[in-house]
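Enquirer: Provided below are the primary sequence and the corresponding predicted coordinates.
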Amino acid sequence: MHLDRRGFLTTLAGLSWMTPAAELLARQAEKTDGPAGSIILLWLGGGPSQLETFDPHPDSNAAGGTKAIATAVKGVSLAAGYDRLAEEMGSIALIRSMTSKEGDHERGTYMLKTGYRPDPTVIHPSIGAICCHELPTGTTDIPRHVSILTGQWPSRGGFLGGEYDAFQVDDPKGKLPDVVTPVALGRDSQRALDLDVVNRAFARRRTARVEATLHQRSVAAARAMMSSEQLKAFDVSREPAEIRAEYGDSPFGRGCLAARRLVEVGVRCVEVTLNGWDSHVNNHEIHRRQAGILDPAFAALIRDLRRRDLLERTIVLCCGEFGRTPRINPFGGRDHWTNGFSLALAGGGLRSGFALGETDPEGVKDPTSPIPVADVHATILTSLGLDPSRENIAPVTSRPIKLSEGRRIPELLA
Amino acid sequence: MRLRDVGFLCVVLGCGLATGRGVIRSASPVRGPLREVAARPEVSARVDEAFRRSWTDQGIEPASPADELTVMRRLSLGLAGTVPSLEEVRRFEAIEPGKRVDAWLDVLLRDRRTADHLAERFARAFVGVEGGPFIVFRRRRFTTWLSDAIMENRPYSAIVRELIAEQGIWTDHPAVNFVTVTRDEMTQRPDPDRLAARVSRAFLGVRIDCAQCHDHPFQPWKQADFRGLAAFFGGVRSNLRGVSDAKNEYRPLDRKTKEPIDVEPTVPSHPELLPAEGPPRERLASWVVDSRNPYFARAAVNRVWAVLVGRPLVDPIDELPAAADTPPALDLLAADFVEHGHDLRRLIRAIASTEVYRLESVDLPEEAVSPNDETWAAFPMTRLRPEQVAGGLAQSASISTLGPGSSWPSRFVAYVDGNNFVRRYGDAGEDEFSPLGGTLPQRLLMMNGELVKKKTRGDFFNASRRIADLAPDGSKAVELAYLCVLSRRPSDEEAAHFTPRLQGAKRDDRINLIADLFWTLLNSAEFSWNH
């Protein structure tokens, strides 16, 4: 038999199909974890309209023809097109009175992902990076912070360091980048041995300095990842056809399915991006199309997590960088709006089945019980067993920076 | 249309686009005029003395001088942004020992690659790394303009003056891109706050923008200082007719009353240097570049030091202490910079001629290797920036020197490959001198990625293949591979490890073995670090 790396891995894959390795690993991960363990961020890039998603006002002028549908929770309605999500409303909490000061895409993204306004003197870590930094490492040899279908501004480690940046992957339909050696197994292992010889030569007379580079450690981590069983978590083709169908035949749907598989093997934060919400023109048409992708994927994710007893320890946050103006502009679009936009939260032991805050149907008055972005971060961190007021020290400037400067939202914490 | 015609059309269009974007340049010179190797600026000796004194005071024995090839690699990385080619190593070694490094420094200072690389480094501080507003911002134009200015060795003060005060359209007068990059979609105007922050950080090396919302906790800057600085840009407009000046409309909100207030343009220090008359931006430019403004020259020196050495003398690079707490080296170099008309080339030569620049990067007894605790008694090891890794990767795979002298198709391919690689490797952004560690995706990209695979395999144009074809024996082949990638010869131990394998290896095996050696060297810590 001709044994090369690919063949070897295929054989291995075939065998492990019989032994539920992923489940074992998941159970192992559970043992070392605290309360909630992971976050899945469904990132709606471009700024979705609250009126055509989570906060419909069908009878107002602002709606411009948007219809609303009833949900499993009495008194809470969603915009038309979110029928499957409506069934899961019992597991979802909506916040309809989000406020922010950042109406620019990049700055808004920074605000929502980090909980801080952009600051020229420090780059804040995104919430996923904070979780990877603060929560125990567990038993993963794949990156614990993953971004699927990465948008323009992926989640970053900021001052915590590049090692906390999200590991970026494309549509899970395709192959994972750079994890398979392009040469035969024998050549690859010889190269690794040779590498030690060259690195040793360089380290002579500069042992401490070379150690400080952490080069050996990152090489070892990369090689551990290359041969890890857990890489299979990215491969959604291993799921039964009906599960895949539930999530929808879209890159985003596959991304959500991969997110569930990743959380199962102990990944801390998965960000799945659905771009295309920037509806300055043809707002309704754009939102109809986007709802067709988001609705099945989001609903399936909640159902699937619940089925596998993962929902209690996984927080799902679904949001974009801001909302959309209550007025339809001359191009049939809506423009950027930061005063009273919506986001959805599920899982992680948070209270659900209700909507928090109310917006004025015509968008003239301020929303009632306004919630600043940082408060959502503080709440998520709390449900993960972290103290938002804990401080990290930013390097170089030595400035103490809290995990979040927000206040916990009592309505969400049971 | 036949397929061939379509192909031809694509090539023509591609070249047109590439030329338009400034990838391919025709009219500008590739190398400056030749002359005698310039003497070492006398300030270097004073800097050496200052460092010697501080080492004696701290009881530190500095490292020994590094060998010439090591310093050559540092110079090529710092100036040209890539490792030296085998061809250059040969030319370098043809120069008389002892004079090689100074001669090489001169060669690089006249090299277009150096101007391009320095332009990119400065551009990060001046306009950031983002694409900027569509239409009204042209990053490529801006860096090309900057590169031309550096190539001509225009005084740094003249460059900065133009950045702050220039008017006109962003393609015709590329300096105005400094202003247009801050254009705010809401107000349809350049953003005075962001301009004030840029001016103070990039040109003065101070983070006065910390005082944007409140008075600075540790520095003398007040919120009023920040607003006074921003007010110089209160009248600047940018529209399709270009950048121009109109009435000052900078009216920030008062912190207490939440009402807009009028702010007069004022400078945060040395008000006596501010001209009383003239358009606001020109007055500000005069004040910034005034040779009596202590911040301007020190900020420039700190940045150029960081570009060459990999780490600024004062860290963070844009937070120079306001008090007279700066290291003597910074003050000495700044004084010399002012005295000699803000001559960047002289400044680079002065830094590269110091003893510190030419020391070995070894461990010192009882030395802390923490990046924040720098005695400069050994050359600091710093991680290569992504573009340097991409440049080094491409250069090491080619025997001849890549750059403006190469054929344009190969330059175009290198440009596209390099950009893709940097995007995947992770751009360092503006904060490029931060000492943080490398990432897992970077290691994976170097071990298994497409570009490394493409550059190491035995293709006809790759150095690995050419060495396999041309090297007379195994030991020569190993030596050449080391010179291509690491700019040094293998140690005895390394030679003994790799050479025997090559003895008697037949054609394809030999090519593969050398390709593997290239892979190994490219993945070593030594390749990814300036040392």
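Expert: In hand now; what should we look at? Numbering: from 1, shown residues only, chains lettered A, B, ... in the order given.

Enquirer: helix, strand, or coil at the residue of the stretch 51-200 of chain B found nearest chain A?
Expert: Chain A sits closest to residue B:197 of the stretch 51-200 of chain B, with a gap of 5.7 Å, by CB to the nearest CB. All C-beta spots, glycine's among them, are computed from the backbone N, C-alpha and C. Secondary structure assignment for residue B:197 (DSSP: H, G, I helix; E, B strand; the rest coil): helix.

Enquirer: mind listing the helices for the stretch 151-300 of chain B?
Expert: With helices called from DSSP state H, counting those that start in this stretch, the stretch 151-300 of chain B shows them at B:156-165, B:177-180, B:192-198, B:204, B:223-231, B:280-289, B:294-309.

Enquirer: isn't residue B:60 up against residue B:374?
Expert: No - using CB atoms under 8 Å, residue B:60 is not in contact with residue B:374, being 11.7 Å away.

Enquirer: residue numbers of the stretch 101-250 of chain B in contact with chain A?
Expert: B:130, B:185, B:186, B:197, B:201, B:207, B:209, B:210 (CB under 8 Å from any CB of the partner chain).

Enquirer: flag the shaky bits of chain A, pLDDT-wise.
Expert: Along chain A, segments meeting pLDDT under 70 span A:1-36, A:396.

Enquirer: show me the longest helix that occurs in it.
Expert: Ranked by residue count, the top helix of chain A under DSSP state H comes out as helix A:283-307.

Enquirer: elements contacting that one?
Expert: For helix A:283-307, the packing partners by 3 or more CB pairs under 8 Å, 6 or more residues apart in numbering or on different chains; DSSP states H and E come out as strand A:38-45, helix A:83-87, helix A:241-247, helix A:251-264, strand A:269-275, strand A:314-319, strand A:339-347.

Enquirer: mind checking which helix or strand the residue positioned nearest the centre of chain B is in?
Expert: Geometric centre of chain B, nearest residue: residue B:121, 3.2 Å, by CA atoms, centre = their mean. Assigned by DSSP states H and E, residue B:121 belongs to helix B:112-127.

Enquirer: mind listing the strands for the stretch 51-200 of chain A?
Expert: A:68-70, A:77-79, A:92-99, A:145-148, A:167-169 (DSSP state E, counting those that start in this stretch).

Enquirer: strands paired with the first one, and their directions?
Expert: Under the criterion DSSP bridges, strand A:68-70 sits next to strand A:77-79 (antiparallel) in its sheet.

Enquirer: pull the residues that contact the partner strand.
Expert: A:51-56, A:66-71, A:85-86, A:89, A:287, A:291 (CB atoms under 8 Å, 6 or more residues apart in numbering or on different chains).

Enquirer: PyMOL command to pick out the buried ones of the residues you listed?
Expert: Buried members of these, defined by 16 or more other CB atoms under 10 Å in any protein chain shown, are picked up in PyMOL with:
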select buried, chain A and resi 51+52+53+54+55+56+66+68+71+85+86+89+287+291
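
Enquirer: residue boundaries of the helices in the stretch 51-200 of chain A?
Expert: Going by DSSP H, counting those that start in this stretch, the stretch 51-200 of chain A shows helices at A:83-87, A:105-114, A:127-134, A:185-203.

Enquirer: and the first one, what does it pack against?
Expert: Packed against helix A:83-87 by the contact rule (3+ CB pairs under 8 Å, 6+ apart) you find strand A:68-70, helix A:283-307.

Enquirer: list of residues touching the shortest one?
Expert: Okay, so that is strand A:68-70. A:56, A:57, A:58, A:77, A:78, A:79, A:80, A:82, A:83, A:86.
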